[in-house]
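Asker: Dropping the sequence and predicted coords here.
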Amino acid sequence: SRGTGQTRIALALPADTPELVQSAALGALLGDYSFTRYRTGEDTRTPAAELRIVSTAAGAHEAAERANTLAGAVSLSRDLVNTSPADLVPEDLANVAAEVARENGLGIEILDESQLTEGGYGGLVGVGQGSGNPPRLVRLEYSHPEASRTIAFVGKGITFDSGGLSLKPAASMDWMKSDMGGAAAVLGAMRAIAQLRPTVNAVAYLAVAENMPGGNAQRPSDVLTIYGGKTVEVLNTDAEGRLVMADALVRAHEDSPELIVDVATLTGAQLVALGTRVFGVMANDDSVREDIVAAATAAGEQAWPMPLPEELRQGLDSSVADIANVAGERWGGMLSAGIFLKEFVAEDTRWAHLDIAGPAFNQGGPFGYTPKGGTGAATRTLVRIAENHAARAD
């Protein structure tokens, strides 16, 4: 029915379990998504459809509410990815995170460019120094009074990636507003976690910068000192995501998490290996990798386990620093990027890396409940990971 400009849809479902109710509701809500911020005209102001589920399944109401929470988290992630990079510079993304924290009872800390410089966050400072919009590191915290486990999420938040002085070709640059898709997924997931209240503690780091070729930009052959002291020779300024992620990964250890999961639109090689709909999962522990893939599958997202071959590490050797930010050969680029990140994770810390470069942004036509543009990839997976860790504590 159509009331005051709003479409109302009632679904009477032959669903006898709350899981089926949730699936139907979530699919409908995700499929109803649209991004109209920059469109003019009366049609774009029509409110989203109001969905009502009719089911006799026990727990149907709670399942529908959970679907609404997850859809809201994914929609937030999609909105952020779809926003023009001129309207989402690092400070803007940090401000959105502050608003989410305030509305959902999350703790928040934001480090500005001065604090990043003083604190020794060489990756964020180096990547951000070519832009007039300085970098930020955002820390979000969700705590549960009965939780004994802590997990940490780290999201890549490059609000626009020109490639820096290693400039991208124009055809590869027009969708680089999506290079903060990892941070968007982490922020959306933390919003949902705060609302669902699983019995687990979760901290999240958004490593936010804009990679531009300004007069102060870092140069190929510059050496950066990452937070914690390890040095990196920058051979390609377009391999910048791993630099800001390194800072955040090292910092995340200070929360003593039992698991760190990082999410990043990290490499074009991910698309070559797995295409545009399946994200890669790498880890320093086989059981962690298997658990993450299983969590993604259960959450309705496509993921595939990938290795971290030890022999690729020598390709990252630098003649002047502890490590180089790119390998000398192009083969296995997704894996060598994972090997790079692994260097900034303690051996006794369980860690997984999700490369969502392709799945984070749909350049083709809509399919299923996935729209063109930002998809919110990995958001639901992260929520499921948090809930799985809460369940293990029960």
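Answerer: Good, I have the coordinates.
Asker: For residue 232, list the residues it contacts.
Answerer: By C-beta atoms under 8 Å, 6 or more residues apart in numbering, residue 232 lies in contact with 122-123, 223-226, 243, 246, 318, 321-325. (Each C-beta comes from the backbone N, C-alpha and C, glycine too.)
Asker: need the strands for the stretch 101-250 of the chain, in chain order.
Answerer: 107-111, 136-142, 150-161, 201-211, 222-225, 231-234 (DSSP state E, counting those that start in this stretch).
Asker: want to try a markdown table for the ones you listed, with mean pLDDT and distance to residue 275 as columns?
Answerer: Shown next, in a markdown table, are the strands of the stretch 101-250 of the chain (pLDDT from 0 to 100; distance: least, C-beta to C-beta, whole Å):
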| stretch | mean pLDDT | distance to residue 275 |
| --- | --- | --- |
| strand 107-111 | 98 | 36 |
| strand 136-142 | 99 | 31 |
| strand 150-161 | 98 | 20 |
| strand 201-211 | 99 | 25 |
| strand 222-225 | 98 | 32 |
| strand 231-234 | 98 | 29 |
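Asker: how about low-confidence regions in the chain?
Answerer: Within the chain, the stretches with pLDDT under 70 are 1-7, 9, 11-13, 15, 42-54, 56, 393-394.
Asker: Now do residue 139 against residue 99, distance only.
Answerer: Per C-beta to C-beta, to the nearest Å, residue 139 is found 15 Å from residue 99.
Asker: So between these two, which is more surrounded?
Answerer: Neighbour tally, residue 139 and residue 99, criterion other C-beta atoms under 10 Å: the higher count belongs to residue 139, 22 against 11.
Asker: in the protein, which helix has the most residues?
Answerer: Using DSSP state H, we find that the single longest helix of the chain is helix 60-82.
Asker: Report whether residue 351 is found in a strand, as I expect.
Answerer: Yes - assessed with DSSP: H, G, I helix; E, B strand; the rest coil, residue 351 lies in a strand.
Asker: Tell me what it is bridged to.
Answerer: Here residue 351 sits in beta bridges with residue 260, as judged by DSSP bridges.
Asker: pretty sure it contacts residue 258?
Answerer: No - look at residue 351 against residue 258 with C-beta atoms under 8 Å: they stay out of range, at 10.6 Å.
Asker: returning to what we had before: closest one of the contacts of residue 232 to residue 284?
Answerer: residue 246 (14.9 Å; C-beta to C-beta).
Asker: so what's that closest one up against?
Answerer: Residue 246 makes contact with 123, 226-227, 230, 232, 340-341, 343-344, according to C-beta under 8 Å, 6+ apart.
Asker: Which ones among these lie within helices?
Answerer: In this view, the contacts of residue 246 that belong to helices under DSSP H are 123, 340-341.
Asker: out of the residues you listed, who has the most neighbours?
Answerer: Counting neighbours by other C-beta under 10 Å, residue 123 comes out on top of the ones in helices among the contacts of residue 246 with 33 neighbours.
Asker: Just the buried residues of the helix or strand where residue 384 lies, please?
Answerer: Using DSSP states H and E, residue 384 falls within helix 379-393. With burial defined by 16 or more other C-beta atoms under 10 Å, the residues of helix 379-393 counted as buried are 379-390.
Asker: Now tabulate those residues in TSV and tack on distance to residue 164.
Answerer: Output for the buried residues of helix 379-393, formatted as TSV (distance: C-beta to C-beta, whole Å):
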residue	distance to residue 164
379	28
380	32
381	30
382	28
383	33
384	35
385	32
386	34
387	38
388	38
389	37
390	40
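Asker: Let me know the closest of these to residue 133.
Answerer: Among the buried residues of helix 379-393, residue 379 lies closest to residue 133 (C-beta to C-beta), at 25.0 Å.
Asker: doesn't residue 193 make contact with the closest one?
Answerer: No - using C-beta under 8 Å, residue 379 makes no contact with residue 193, being 10.6 Å away.
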